[in-house]
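J.: sequence first, predicted coordinates after that:
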Amino acid sequence: MENDPLTVDNICIVEKPKRKAELGRDVLTLDDFSKKFHFQRRPSSTCKHKLKEYYKTRLSHFSVLEWITSLVPILGWLPKYNVRTDLVNDIVAGFTVAVMHIPQGMAYGLLGGVDPVVGIYTAFFPVLLYALLGTMPHVSMGTFAVVSIMVSAPVSQLATTVSSVVESEADGLVASSLPDLHSPVAGTNLTLQTSTYPTIQASTDIYTPIQVATAVTFCVGVIQMAAGMCRLGFLSILLTDTLISSFTVGAGIHVLTSQIKHILGVSIPGKSGAGSIVLIYKEIVQNILTTNYVTVCLSLATLAFCLIVDRIIAPKLKQKCRFPVPTQLMMIVITTTISKLLNLRENYDVRTIDDIGKIPIGLPEPVLPPPQLFPQVLLSSLAPAVVSYSIGLGLGKMFATKHGYEVNSNQELLAQGTANLFGSFFSCLPMAGSLSRSVVQEASGCRSMLTSLVSALCLLVVMLALGPLFQPLPVCVLAAIILASLVNILKKIGDVSKYWSESAVEGVVWLITFLSIVLLSVDIGLVVGIMCSVLATLYRAAAPQILVLGRTKEGVWLDASTYKTEDDGMRVLQVSGPLYFLVYESVRVRILEEIGQNPNKLSTKYHYNTLILDISNVSYLDQKGASLINWIEKKLPGLGFAVVATPLQKARLDGVQAEIFPTYIDAVLTYQGNVINEHIIENMGNDPMV
């Protein structure tokens, strides 16, 4: 072993040979470069040529069967479905997600200002149609907190309560004759005549909360379907990661604020519009002495139980069991039982589902939302239409990348729009994807859209038989479940530092969007955020980036602001982006500052002897931008000057006296000589053997 050449002590580490980067050709000017490599200008495409290419690539290969399959994707994947390997996984995943739908649906239904059972309807009716038309099997569709809080705004504004119709002196006279304004199946507006009740305003239209909510759902479906038919799926790119992060956190603040009154058990009037958060907290402070301490204790116990199980116990059990712990469902069962046994509603004045309305047994009858509400809720429907689609598409693309399939953005618009349109007839909120449910759905073994169908069938059993069992459920328990689900969303407030470190512009967009949502409203904040994001994008696209390159000791040209470079009298200025009339002055000032000139008082003393202006990365060059080169030649005499451009840009550079090169290396070597050859000559001169 001592003479073994493979022992550790005898192994020699062989270094990789170092190679010098060279051009591999002679130094050339731009004209010589174009001639040597036979530059040819591509002819511009005519309209006739474009139509011909479109026919070759699209119309000539058109198939009616493929078109139908693309509209109804289930016709494509169902015949190929492997029952033996996939069915069990889909059933398990569907049942698991259905268990999550029950508490989340009830909680987010309450959050939307309607009966809790409406949340379960939303996880059933639209999902049935989406399973036929959707292309995102791993995304769990149903209720979503942010969309629910957006729907609650028009509900609180347009839904009529008894107190807003009947004057105080007539409350006892008329209240018994009015319909249940929370009934999820109420389908007609009411007109009250003064001849019957003199104290009521003439011809007053009364809309229940569910009528307003379904009108929003209907408009959301119409907007999404219209966008899908117009192939506008690409517009989802307007919701950048920065915008979605700030929007989610801001909406989370609204969700948190809306549930405080349920946590404390206080009764305050609903607020909506700009500054509603401030007004709500003002009302809470004024009514803080009416807090129900039993409600607070029940809320805190539920919140603590959910957080402890989800954060501590569930991660440990996840390693041993594929099924997630149904924390929220457990709390609903436990607290409903306690409420029933102790009669919390009567004995301790704890608000329960009974105070909101009855949970009906069976399925709601299909009812068209009041058409006269559509113009009133159309603008309010734009935000949930965009947000629900964009969040679902983002989740779908994330899972598609992981599992290797494609998501059709335009088909998703059609699928979600059709599903929402269908759901609006059955007392549903707008459907959206949920991150928490989607992660569980994927982890539970989901293989196809059949998971959504299994989940919907499980919820059907709840609607047909188990609904009334939840009547004694305390409302504060649903509020506590919502707050427990908000923890991850509110933690994203730390994202502002991440985006600010990446770019100050992104940080400003995050803060403006967040503050607009919190201080104004969710809808207005979203519009402000999109406008800020678009303006920031236009600013970055319109402002060129200027990079100053300097030479290191090794002869490598690098960014002088981040690397140590030599002061050898030469600098390369690389301009990337558009160079046109709007940015002409800013680029001119930047160049003068780099060579040590006062923009208002030019001199012949420069920091550097030679300036190489590289515009080969300029995306757009107009006549004004090109005139900057002529200005440098005329106004800065005695400065060694060269230009780097592309053959297509040369047409704009007529009259330029400076030499034009294809790369800045050609320009540098022309002015300084080949650096590699200089080192070789220097070494040969110091070698005594020569």
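T.: Here it is on my side, so go on. On a predicted model such as this, the values are computed, not experimentally measured, just so you know. Numbering: from 1, shown residues only.
J.: just to be sure, Gly433 is in a strand?
T.: Yes. With DSSP: H, G, I helix; E, B strand; the rest coil as the criterion, Gly433 is part of a strand.
J.: so which helix or strand takes in the closest residue to it other than its chain neighbours?
T.: Among residues not flanking Gly433 along the chain, Gly392 sits closest, at 3.4 Å (C-beta to C-beta, 6 or more residues apart in numbering). (Each C-beta comes from the backbone N, C-alpha and C, glycine too.) Gly392 belongs to helix 374-403 when assigned by DSSP states H and E.
J.: any idea which helix or strand carries Val99?
T.: Val99 belongs to helix 83-111, assigned by DSSP H and E.
J.: check Leu549 too.
T.: strand 545-551.
J.: same check, this time on Leu526
T.: Using DSSP H and E, Leu526 falls in helix 522-542.
J.: what about Gln441, how many neighbours?
T.: 24 (other C-beta atoms under 10 Å).
J.: please identify the buried residues of the helix or strand harbouring it?
T.: Element membership for Gln441, per DSSP H and E: helix 435-443. Residues of helix 435-443 classed as buried: Leu435, Ser436, Arg437, Ser438, Val440, Gln441, Glu442 (neighbour count, 16 or more other C-beta atoms under 10 Å).
J.: next, the angle helix 374-403 makes with that helix.
T.: 40 degrees (axes from the mean of the first three to the mean of the last three C-alpha atoms, to 10 degrees).
J.: with only the CA atoms kept, save the helix holding Leu526 in PDB.
T.: Provided in PDB are the C-alpha atoms of helix 522-542 (Å, rounded to 0.1, in the frame of the first residue of the first chain):
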ATOM      1  CA  VAL A 522     -59.600  46.900  -2.100                       C
ATOM      2  CA  ASP A 523     -60.900  47.900  -5.500                       C
ATOM      3  CA  ILE A 524     -59.300  51.400  -5.600                       C
ATOM      4  CA  GLY A 525     -56.100  50.000  -4.200                       C
ATOM      5  CA  LEU A 526     -55.900  47.300  -6.900                       C
ATOM      6  CA  VAL A 527     -56.400  50.000  -9.700                       C
ATOM      7  CA  VAL A 528     -53.800  52.200  -8.100                       C
ATOM      8  CA  GLY A 529     -51.400  49.300  -7.800                       C
ATOM      9  CA  ILE A 530     -51.800  48.300 -11.400                       C
ATOM     10  CA  MET A 531     -51.300  51.900 -12.600                       C
ATOM     11  CA  CYS A 532     -48.100  52.200 -10.500                       C
ATOM     12  CA  SER A 533     -46.800  48.800 -11.700                       C
ATOM     13  CA  VAL A 534     -47.400  49.800 -15.400                       C
ATOM     14  CA  LEU A 535     -45.800  53.200 -14.800                       C
ATOM     15  CA  ALA A 536     -42.800  51.600 -13.200                       C
ATOM     16  CA  THR A 537     -42.500  49.200 -16.100                       C
ATOM     17  CA  LEU A 538     -42.700  52.100 -18.600                       C
ATOM     18  CA  TYR A 539     -40.100  54.000 -16.600                       C
ATOM     19  CA  ARG A 540     -37.700  51.100 -16.700                       C
ATOM     20  CA  ALA A 541     -38.400  50.400 -20.400                       C
ATOM     21  CA  ALA A 542     -38.100  54.100 -21.400                       C
END
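J.: elements contacting that helix?
T.: helix 145-158, helix 241-264, helix 374-403, helix 504-519, strand 570-579 (3 or more C-beta pairs under 8 Å, 6 or more residues apart in numbering; DSSP states H and E).
J.: try it again with 6 Å
T.: Other elements packing on helix 522-542 under the criterion 3 or more C-beta pairs under 6 Å, 6 or more residues apart in numbering; DSSP states H and E are helix 241-264, helix 504-519.
J.: reformat those helices as a markdown table; add mean neighbour count.
T.: As requested, the helices and strands packed on helix 522-542 are arranged in a markdown table below (neighbours: other C-beta atoms under 10 Å):
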| stretch | mean neighbour count |
| --- | --- |
| helix 241-264 | 22 |
| helix 504-519 | 20 |
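J.: may I see those helices arranged in CSV, with mean pLDDT and distance to Leu453 as well?
T.: Output for these, formatted as CSV (pLDDT from 0 to 100; distance: least, C-beta to C-beta, whole Å):
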stretch, mean pLDDT, distance to Leu453
helix 241-264, 82, 29
helix 504-519, 88, 36
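J.: quick one: those helices as CSV, columns for distance to Val147 too.
T.: As requested, the helices and strands packed on helix 522-542 are exported to CSV (distance: least, C-beta to C-beta, whole Å):
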stretch, distance to Val147
helix 241-264, 9
helix 504-519, 14
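J.: in the helix or strand containing Trp67, what's buried?
T.: Assigned by DSSP H and E, Trp67 belongs to helix 64-71. Under the neighbour-count criterion of 16+ other C-beta under 10 Å, helix 64-71 has Ser70 buried.
J.: only the buried residues of the helix or strand that comes right after that helix, if you could.
T.: Using DSSP H and E, the helix or strand that follows helix 64-71 towards the C-terminus is helix 74-77. Using 16+ other C-beta under 10 Å as the burial criterion, the residues of helix 74-77 that qualify are Ile74.
J.: how about stretch 523-541?
T.: Quick answer for stretch 523-541 (16+ other C-beta under 10 Å): Asp523, Gly525, Leu526, Val528, Gly529, Ile530, Cys532, Ser533, Ala536.
J.: then the next helix-or-strand element following the helix holding Gly392 to PDB, C-alphas only?
T.: Next in sequence after helix 374-403, counting helices and strands by DSSP H and E, comes helix 409-423. Provided in PDB are the C-alpha atoms of helix 409-423 (Å, rounded to 0.1, in the frame of the first residue of the first chain):
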ATOM      1  CA  SER A 409     -54.600  30.900 -20.000                       C
ATOM      2  CA  ASN A 410     -57.400  31.700 -22.500                       C
ATOM      3  CA  GLN A 411     -59.100  28.400 -21.800                       C
ATOM      4  CA  GLU A 412     -58.900  29.100 -18.100                       C
ATOM      5  CA  LEU A 413     -60.700  32.400 -18.600                       C
ATOM      6  CA  LEU A 414     -63.500  30.600 -20.400                       C
ATOM      7  CA  ALA A 415     -63.600  27.800 -17.800                       C
ATOM      8  CA  GLN A 416     -63.700  30.000 -14.800                       C
ATOM      9  CA  GLY A 417     -66.100  32.500 -16.500                       C
ATOM     10  CA  THR A 418     -68.600  29.700 -17.500                       C
ATOM     11  CA  ALA A 419     -68.300  28.200 -14.000                       C
ATOM     12  CA  ASN A 420     -69.100  31.500 -12.300                       C
ATOM     13  CA  LEU A 421     -71.900  32.200 -14.600                       C
ATOM     14  CA  PHE A 422     -73.400  28.800 -13.800                       C
ATOM     15  CA  GLY A 423     -72.800  29.300 -10.100                       C
END
